[in-house]
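Q: Can you look at this prediction? I've put the sequence above it.
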Amino acid sequence: MAGSIATVVIIGCAGCTAGRAAGPASAARSSASAAPSSASAVPLPDRALASPGCSTSIAPSPQLSGVRTATTDVPGNPFGVAVTKDGRWAFVALQQSIEVLRIGAALAPARVRVVALPQGSMALGLTLTPDGRYLLAASNAGAVVLDIARAEQGAAAGVVLGTLRAPGEAGAIEVAVSPDGTFAFVSEEDTDATAVFNLRLALTRGFGAADYVGKIPLGVAPVGLAVSPDGRWLYATSEVADNSIRTGTLTVIDLRRAEIDTASSITAVADAGCEPVRVIASADGSQVWVTARASDDVLCFAAARLPATPSRALVAIVPVGEAPVGLIMVRGGSRIVVADSNRFGASGARSDLGVVDVAAALAGKPALLGHIPAGKFPREMALERDGSVLLAGNYMSRQLEAVSVPTLP
């Protein structure tokens, strides 16, 4: 039912509520300041680790008690999730449409409306431009661009501004935008490349063939994209290095060069486990984290080593649950939440959200603190503006799951 919210309270949370109203919510939000400090203060280890191979072995972990969650049903399979800069709205990609949700007092956001996309669209990964004005949804051979203000207001027309299209490309999965909002980068899983577009040109002169800048050749099945906080690098994962090597890669791309000469923009390539699928960078840019889906691991690379000595950049390997996909840093970068998707239905495995202690991982200690139950196939995640609530899409369950971050261990 539209707008229906099902509340889930993790075992051991007696007396907790799913809402964020006055008492418990205020306490939860204020406790965010008492959370572990930023992991940027933790020095990266000097060690250099070998990239892990493929594995079906998952790390056991306890179910975390006291974590507050709630779910909102959505009318489709949620893929990308994004939150506006003012923290009032959330967007979820449902392939043929974008769901608009209002963030309020309740833990889970409320459904407001659906924005229909052009016929034939397949919206997957989402990102916002740095100025917060536009929402980009990876789709087919590029990305659909939406006006956020019009989507929030429920405008009858003009929400979808146009579509960026790359000739001969296909299988768009993730999208990233340069820090100045001028260029957009789209991973094209089916054609082993990342497409580069002049977004500013499209927005000022109209969408067309001139928007396409070129493509960055990558390994087989590129998926994850992340821009370094200083805007210098674009990180991209490929599930397989080439058709003869199953090990996947993390590619380091000179972002500014990619805007003018895509073919020569690759700076370095590092082995990144078996089927790496997502990548994020820490807020200070020192750490680059990757989910190796078929290794059942989360990997940490020292960003400073990646451009010159990629073979010595892997500094931490954290065994997690089955087929990890999305990941996100929370609580000042002291914790990582990883979506253990179990997308292939491995026997004896479950879908959940694993919680990783970053300092422990960098120290080479057991770092998986436990897991939070999730629906079927958790995939992408986003944080609300103040960092107190994490939103995760449960793809096969058709749910958006909200997690109270201050209640994490």
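A: Cool, got the structure.

Q: ok, and for stretch 120-127, which residues are buried?
A: Burial within stretch 120-127, assessed by neighbour count using 16 or more other C-beta atoms under 10 Å, is assigned to S121, M122, A123, L124, G125, L126, T127. For every residue, glycine as well, the C-beta is placed using N, CA and C.

Q: Export these as a markdown table, with columns for distance to L101, pLDDT and secondary structure.
A: Below are these laid out as a markdown table (distance: C-beta to C-beta, whole Å; pLDDT from 0 to 100; DSSP: H, G, I helix; E, B strand; the rest coil):
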| residue | distance to L101 | pLDDT | secondary structure |
| --- | --- | --- | --- |
| S121 | 19 | 95 | coil |
| M122 | 21 | 95 | coil |
| A123 | 15 | 97 | strand |
| L124 | 18 | 98 | strand |
| G125 | 18 | 98 | strand |
| L126 | 13 | 98 | strand |
| T127 | 17 | 98 | strand |
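
Q: and which of these is nearest to T163?
A: Using C-beta to C-beta, S121 is the member of the buried residues of stretch 120-127 that sits closest to T163, with 7.8 Å.

Q: shouldn't that closest one be in contact with G142?
A: No. In terms of C-beta atoms under 8 Å, S121 does not count as a neighbour of G142; the distance is 10.4 Å.

Q: contact partners of stretch 379-387?
A: The list of residues contacting stretch 379-387 from outside it, by C-beta atoms under 8 Å, 6 or more residues apart in numbering, reads 29, 32, 78-87, 90, 103, 125-126, 325-328, 330-332, 337, 339, 341, 389-395, 405.

Q: So what's the gap between that stretch and the chain middle?
A: 9 Å (C-alpha atoms, centre = their mean, to the nearest Å).

Q: so how far is the first residue of it from its last?
A: Here the two ends of stretch 379-387 are set 19 Å apart, with distance taken as C-alpha to C-alpha, to the nearest Å.

Q: How many residues are close by G76?
A: Residues within reach of G76, counting by other C-beta atoms under 10 Å, total 17.

Q: ugh, wrong one, D230
A: Residues lying near D230 (other C-beta under 10 Å) number 12.

Q: From the chain's centroid, how far away is stretch 246-256?
A: Here the centre of stretch 246-256 is set off from its chain's centre by 17 Å, with C-alpha atoms, centre = their mean.

Q: repeat for stretch 91-110
A: Computed by C-alpha atoms, centre = their mean, the separation of stretch 91-110 from the middle of its chain amounts to 16 Å.

Q: how about it: buried residues?
A: Residues of stretch 91-110 classed as buried: 91-101, 103, 106-110 (neighbour count, 16+ other C-beta under 10 Å).

Q: And the helices in the stretch 1-150 of the chain?
A: 22-31, 148-153 (DSSP state H, counting those that start in this stretch).

Q: Where among those is average confidence lowest?
A: Lowest mean pLDDT of the helices of the stretch 1-150 of the chain: helix 22-31, a mean of 36.

Q: list the contacts for T249?
A: Residues touching T249, when contacts are defined by C-beta under 8 Å, 6+ apart, comprise L218, G219, T237, S238, A241, V269, A270, D271, A272, P276.

Q: Adding secondary structure and distance to A149, write those out as JSON lines.
A: Below are the contacts of T249 laid out as JSON lines (DSSP: H, G, I helix; E, B strand; the rest coil; distance: C-beta to C-beta, whole Å):
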{"residue": "L218", "secondary structure": "coil", "distance to A149": "34"}
{"residue": "G219", "secondary structure": "coil", "distance to A149": "38"}
{"residue": "T237", "secondary structure": "strand", "distance to A149": "33"}
{"residue": "S238", "secondary structure": "strand", "distance to A149": "36"}
{"residue": "A241", "secondary structure": "coil", "distance to A149": "43"}
{"residue": "V269", "secondary structure": "strand", "distance to A149": "40"}
{"residue": "A270", "secondary structure": "strand", "distance to A149": "40"}
{"residue": "D271", "secondary structure": "strand", "distance to A149": "43"}
{"residue": "A272", "secondary structure": "strand", "distance to A149": "38"}
{"residue": "P276", "secondary structure": "strand", "distance to A149": "36"}
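
Q: Can you name the two of those residues that sit furthest apart?
A: Going by C-beta to C-beta, the pair spanning these furthest: L218 and D271, at 14.1 Å.

Q: between S121 and G142, what contacts are shared?
A: Overlap between the neighbourhoods of S121 and G142 consists of T163, taking contacts as C-beta under 8 Å, 6+ apart.

Q: Return the set of buried residues in stretch 54-72.
A: Along stretch 54-72, the positions that meet the burial threshold by neighbour count (16+ other C-beta under 10 Å) are I58, A59, S61, L64, V67, R68, T69, A70, T71, T72.

Q: Farthest pair within these?
A: Looking across the buried residues of stretch 54-72, with C-beta to C-beta as the criterion, the two at the greatest separation are A59 and T72, at 29.4 Å.

Q: show me where pLDDT drops low in this protein?
A: Regions of the chain meeting the criterion pLDDT under 70 cover residues 1-41, 243-244.

Q: coming back round to it: between the buried residues of stretch 54-72, which is nearest V355?
A: Distances from V355 to those, taken by C-beta to C-beta, are shortest for L64, at 6.5 Å.
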